[in-house]
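Asker: only geometry, no sequence info:
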Ligand code: NAD
């Protein structure tokens with residue numbers, strides 16, 4: 001498909017320019033990349049009405065037909081991966097190769113969900129009674145996505161919501177709406193009008209969605225702080241919520257690791273997508289026996305990583321996505337400096353345009369420092385020395401977050417025993433950030449409510465309905 005330079009919302013199958021517009025910047029240059037519609041409450045209202053109107057017939061569409069549409073959407077994404085990835089790299093900042101993986105991964109997510117079915121549980125089938133529990137769609141789903149993986153994280157929501165028979169109003173982040181709007185152009189050719197609507201806008205649009213009485217469920221991915229607001233607002237109309245929120249994931253490195261082998265893995269555990277990954281290793285606890293050599297190996301590796309504009313050849317790390325996040329990361333760096341922390345790498349301010357922060361590694365900051373306690377969501381890695389496993393587990397768990405974590409050791413059984421003591425929704429052993437559309441993923445504690453992925457994730461887009469039938473023969477008897 002030939003994408004033009006216009007970006008339009010998708011409402012009831014039609015592409016709309018809206019009445020006002022918002023600027024979208026390229027984070028590598030801070031220049032305006034494009035304009036997108038700034039939706040009004042009326043625009044949102046029409047998108048919700050369209051979704052409500054489309055709901056009965058979409059819910060009644062046979063499951064196999066809904067699956068075929070999802071597969072076609074996945075095919076369309078993959079067939080257009082090249083232009084979409086270029087656009088994604090320009091609006092998000094990530095290297096082109098990673099943007100391509102995100103687009104292809106989004107297609108894969110759309111395809112993979114079609115292997116799932118909605119189960120029916122037979123509760124009783126006796127002489128007197130037949131009772132079953134089935135799963136029916138909740139209605140209109142409001143899907144709200146963040147800016148770090150704009151397309152992929154929208155595809156954590158749209159396929160299961162549509163597969164279950166719901167219709168959707170999707171809102172991308174105002175920092176990264178472009179690829180999602182082009183996805184909308186593809187969807188307009190595949191889905192019936194109103195089944196998927198895409199609206200873009202500023203800071204008010206999310207709260208308008210969470211308080212809209214025509215939306216039955218909010219599926220939200222973003223920060224814990226915003227997640228609390230979403231839940232409070234959704235409470236007024238008792239909307240269902242799935243919240244995928246922030247984290248402060250720890251990596252625990254045991255003394256038996258092969259230092260040279262794990263150094264690059266740990267670097268990317270923290271720095272992939274410039275650290276703007278909810279499940280990045282945000283605190284790296286290293287056993288004292290390997291602390292010095294591993295710290296040196298991570299720093300040596302980090303020094304040869306190429307930082308630049310995402311679309312430039314050879315770039316491995318791009319800029320931070322937006323000015324508020326850039327300022328937040330600089331603030332955390334300054335705080336670590338003020339506290340007298342030792343910087344093994346980075347920490348200097350970048351001169352010139354773009355929200356660039358060079359990879360920054362901090363040597364054993366105090367446990368109480370902000371860079372250890374808060375989610376940095378940027379290219380700053382604190383390396384922390386430990387000598388007692390019980391003590392480190394207590395430190396790892398001593399946070400309100402509980403998204404994910406990782407254990408690194410040659411002894412898989414020992415690592416598994418530690419993993420079971422970590423209070424987070426996912427723990428990886430000797431790998432990190434492996435997610436599957438067919439496995440449940442979600443946060444414990446204040447990292448979220450509910451899960452995405454797998455049958456459990458699909459069922460979050462349904463209500464259980466139990467139908468009980470008293471058999472006539474039994475009634476007569
Ligand atoms: P954010 O919370 O600022 O914004 C997320 C989305 O919510 C955006 O679309 C935004 O416009 C919208 N929004 C803002 N205020 C709102 C409100 N009051 N009501 C409804 N919607 C509102 O998050 P972000 O900065 O875009 O993303 C970074 C955060 O997301 C990090 O904390 C990261 O850990 C988290 N995250 C979590 C996961 C996960 O799966 N758990 C995945 C990716 C990112």
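Answerer: Cool, the structure landed. Owing to the predicted nature of the structure, the values given are computational and were not obtained by experimental measurement.

Asker: what does this structure put close to the ligand?
Answerer: Within the chain, the residues that sit near the ligand (CB under 6 Å from any ligand atom) are 144-148, 153, 171, 173-174, 206-207, 210, 221-223, 226, 229-230, 244-247, 278, 375, 377, 403, 443, 448. C-betas here are computed from N, CA, C, even on glycine.

Asker: Just say helix, strand or coil for residue 356.
Answerer: The assignment at residue 356 comes out as coil when based on DSSP: H, G, I helix; E, B strand; the rest coil.

Asker: unless I'm mixing things up, it is touching residue 307, no?
Answerer: Yes: at 6.4 Å, residue 356 counts as touching residue 307 under the criterion of CB atoms under 8 Å.

Asker: who's more crowded, those two?
Answerer: A direct count of neighbours by other CB atoms under 10 Å for residue 356 and residue 307 places residue 356 higher, at 22 against 18.

Asker: residues contacting that one?
Answerer: 28, 307, 319, 320, 350 (CB atoms under 8 Å, 6 or more residues apart in numbering).

Asker: per-residue confidence at it?
Answerer: Per-residue pLDDT puts residue 356 at 97.

Asker: Check residue 2 too.
Answerer: 78.

Asker: Quick check: it vs residue 83, distance?
Answerer: Relative to residue 83, residue 2 is positioned 8 Å away (CB to CB, to the nearest Å).

Asker: neighbour-wise, which of these two wins?
Answerer: Taking other CB under 10 Å, residue 2 and residue 83 do not tie; residue 83 has more neighbours (14 against 5).

Asker: Nearest to the ligand within the chain, name that residue for me.
Answerer: Of all residues in the chain, residue 206 sits closest to the ligand, at 2.1 Å by CB to the nearest ligand atom.

Asker: So that residue sits against residue 234, correct?
Answerer: No: with contact defined as CB under 8 Å, residue 206 does not count as touching residue 234 (11.3 Å).

Asker: Can you say which of the contacts of residue 356 are buried?
Answerer: 28, 307, 319, 320 (16 or more other CB atoms under 10 Å).

Asker: which among those residues gets closest to residue 41?
Answerer: Nearest to residue 41, judged by CB to CB, of the buried ones among the contacts of residue 356 is residue 320 at 31.5 Å.

Asker: Double-check the closest one against residue 329; I have them as touching.
Answerer: Yes: under the criterion of CB under 8 Å, residue 320 makes contact with residue 329 at 6.1 Å.

Asker: Now do the shared contacts for those two.
Answerer: Residues touching both residue 320 and residue 329 by CB under 8 Å, 6+ apart: 357, 378, 379.

Asker: Make a markdown table out of these and add neighbour count.
Answerer: Shown next, in a markdown table, are the shared contacts of residue 320 and residue 329 (neighbours: other CB atoms under 10 Å):
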| residue | neighbour count |
| --- | --- |
| 357 | 25 |
| 378 | 24 |
| 379 | 29 |
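
Asker: Next, format the residues you listed as TSV and append distance to residue 63.
Answerer: Compiled in TSV, those are given as follows (distance: CB to CB, whole Å):
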residue	distance to residue 63
357	47
378	42
379	44
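
Asker: re the thing from before, okay, and which of the buried ones among the contacts of residue 356 map to strands?
Answerer: Counting by DSSP state E, these place none of their members in strands.

Asker: residues touching residue 251, list them.
Answerer: Going by CB under 8 Å, 6+ apart, residue 251 touches 266, 269, 270, 281, 283, 284, 285, 405, 406, 407, 408, 432.

Asker: Report the strands that pair with the helix or strand hosting it, each with its relative direction.
Answerer: Element membership of residue 251 [criterion: DSSP states H and E] is strand 250-253. Strand 250-253 has the following strand partners under DSSP bridges: strand 283-287 (parallel), strand 404-408 (parallel).

Asker: just those strands: most buried one?
Answerer: Neighbour counts (mean count of other CB atoms under 10 Å) averaged over each of the strands paired with strand 250-253 peak at strand 404-408, with a mean of 27.

Asker: Using neighbour counts, pick out the buried residues of the helix or strand following it.
Answerer: Counting by DSSP H and E, the next helix or strand C-terminal to strand 404-408 is helix 412-419. Residues 415, 418, 419 are the ones in helix 412-419 that count as buried (16+ other CB under 10 Å).

Asker: Identify the residues contacting the very next helix or strand once past helix 412-419?
Answerer: Beyond helix 412-419 on the C-terminal side, the first helix or strand identified by DSSP H and E is strand 426-429. For strand 426-429, contacts defined as CB under 8 Å, 6+ apart pick out 279, 403-409, 412, 415-416, 419, 434, 441.

Asker: Buried residues, stretch 33-49. List them.
Answerer: Going by neighbour count (16+ other CB under 10 Å), the buried part of stretch 33-49 is 33-40, 43-44, 46-49.

Asker: Quick one: mean pLDDT over that stretch.
Answerer: On average, stretch 33-49 scores 98.
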